[in-house]
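Chemist: Next input, structure requested:
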Amino acid sequence: MIETVYQLVQTDEKSIKAVVMDENLHYMHMILGKDQGLPVHYSNSQVYMTVLRGLLSIGLGDQEVNDYPKGTLLKIPVNTKMNVHNRQDATLEITVVKAPAPKGPARQA
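Modeler: Numbers count the residues shown, from 1 in each chain. The predicted structure follows:
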């Protein structure tokens, strides 16, 4: 088999999983219920965030929080303050890709 196969979690429960963490990129899969989110932090690489289901509520830098629906892909520059939450009743599911892979210890998003 030439390819490497990864499986994403299929649940409605909170889940934050590092799927691929190699020298090329970091690929994470996150599922957040109502009022769940990530700690406020700064991006340590270029971040590509895709909303797979639900409505992503995210504050970037000093901007107000914006909401993004399923099917949205966000490109977030390195060193950007990020405040990621699910403020809705519906489950939020996103993927986060960091490319290039950040140097040093891995962080969630």
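
Chemist: ok, residues contacting stretch 54-65?
Modeler: Identification of contacts with stretch 54-65 by Cβ atoms under 8 Å, 6 or more residues apart in numbering yields 32, 37, 49, 66-70, 72, 74, 76, 80-88, 90-94. The C-beta positions use only the backbone N, C-alpha and C, and glycine is treated the same way.

Chemist: redo that, cut-off 7 Å
Modeler: If you take Cβ atoms under 7 Å, 6 or more residues apart in numbering as the criterion, stretch 54-65 is touched by 66-70, 76, 80-88, 90-94.

Chemist: Also stretch 17-36?
Modeler: With Cβ under 7 Å, 6+ apart, stretch 17-36 has contacts from 6, 8-9, 11-16, 86-89, 91-102, 106, 108-109.

Chemist: Repeat that for stretch 90-107.
Modeler: 12, 18, 21-33, 41, 44-56, 86, 109.

Chemist: Off-centre distance for that stretch?
Modeler: 5 Å (Cα atoms, centre = their mean, to the nearest Å).

Chemist: Go ahead and flag the most central residue of this protein.
Modeler: The residue lying closest to the centre of the chain (Cα atoms, centre = their mean) is Val96, at 3.6 Å.

Chemist: which stretches of this structure form strands?
Modeler: Assigned by DSSP state E, the strands in the chain fall at 15-21, 26-32, 41-42, 47-53, 55-60, 66-69, 73-76, 81-85, 92-98.

Chemist: could I get these as a markdown table with distance to Met1 and mean pLDDT?
Modeler: Below are these laid out as a markdown table (distance: least, Cβ to Cβ, whole Å; pLDDT from 0 to 100):
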| stretch | distance to Met1 | mean pLDDT |
| --- | --- | --- |
| strand 15-21 | 17 | 97 |
| strand 26-32 | 19 | 98 |
| strand 41-42 | 37 | 97 |
| strand 47-53 | 26 | 98 |
| strand 55-60 | 34 | 98 |
| strand 66-69 | 36 | 98 |
| strand 73-76 | 29 | 98 |
| strand 81-85 | 35 | 97 |
| strand 92-98 | 23 | 98 |
